[in-house]
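K.L.:
My questions concern the predicted model and sequence given below.
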Amino acid sequence: MPSYLRLRLLCLAGAVLLSACGTLDQPAADPSARAAKAAREPTPPTPALPNTPFADDPAKRTIYFALGEATISREGIEVLRENAMHLKNDPQLVVTLVGYTDNLGSAAYNLAVADKRAEAASDKLRSLGVPRNQLRRQPRASEQSGKEACDSETCRQSMRKVELVYERR
């Protein structure tokens with residue numbers, strides 16, 4: 001084999017090795033890059049802790065939203081009202097409001113919408129008398145990673161939500 005072919009093969013092998021090093025998952029230094037990566041990853045269903053409100057009924061711990069909206073529907077207000085009652089009666093309960101969006105739009109836009117939804121739910125719970133120290137917010141953006149994973153409006157509607165995840169102090 002001629003020496004120039006060996007040199008080309010050696011360079012190609014080196015380039016392959018170097019490109020493989022660049023694909024390792026390393027913590028992103030930029031918080032927006034971490035958020036964008038989190039928005040692309042699938043989100044597993046949130047399990048409920050035993051002995052917390054509505055542990056056996058996720059529908060009573062979930063409120064849904066219209067496309068691009070953070071306005072809580074009448075049904076959502078009723079869900080929050082029931083949860084507020086439990087939170088006010090048990091000061092050891094803490095709820096994390098996990099905001100989601102569908103898989104349309106950019107990661108940054110979806111994260112902003114998810115945060116607005118969690119904020120709207122938090123504001124409503126506060127207006128219903130829940131102390132601020134029992135509330136946390138966590139925007140997660142898109143619940144599924146690829147647009148092909150959810151291509152029907154029914155599927156996307158199920159992704160536009162805020163889940164109430166309980167824990168005890």
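P.N.:
Looks like it came in fine.

K.L.:
Residue 166: what secondary structure?
P.N.:
strand (DSSP: H, G, I helix; E, B strand; the rest coil).

K.L.:
So it versus residue 135, what's the distance?
P.N.:
When distance is defined by CB to CB, to the nearest Å, residue 166 is 11 Å away from residue 135. (C-beta placed from N, C-alpha, C; glycine too.)

K.L.:
These two: who's more crowded?
P.N.:
Under the criterion of other CB atoms under 10 Å, the comparison of residue 166 against residue 135 puts residue 166 first, with 22 against 19.

K.L.:
can you give me the helices for this protein?
P.N.:
Here the chain has its helices, by DSSP state H, at 3-21, 31-40, 74-89, 107-127, 153-159.

K.L.:
mean pLDDT for these: which is lowest?
P.N.:
Mean pLDDT is lowest for helix 31-40 out of these, coming in at a mean of 45.

K.L.:
contacts for stretch 82-90?
P.N.:
53, 54, 60, 61, 93, 95, 125, 128, 129, 130, 134, 164 (CB atoms under 8 Å, 6 or more residues apart in numbering).

K.L.:
hey, C-alpha coordinates of that stretch in PDB?
P.N.:
Extracted in PDB, the C-alpha atoms of stretch 82-90 (Å, rounded to 0.1, in the frame of the first residue of the first chain):
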ATOM      1  CA  GLU A  82     -59.600  20.500  45.400                       C
ATOM      2  CA  ASN A  83     -55.800  20.400  45.700                       C
ATOM      3  CA  ALA A  84     -55.700  23.700  47.500                       C
ATOM      4  CA  MET A  85     -58.000  22.200  50.200                       C
ATOM      5  CA  HIS A  86     -55.600  19.400  50.800                       C
ATOM      6  CA  LEU A  87     -52.600  21.600  50.900                       C
ATOM      7  CA  LYS A  88     -54.200  24.100  53.400                       C
ATOM      8  CA  ASN A  89     -55.200  21.200  55.600                       C
ATOM      9  CA  ASP A  90     -51.800  19.600  55.700                       C
END
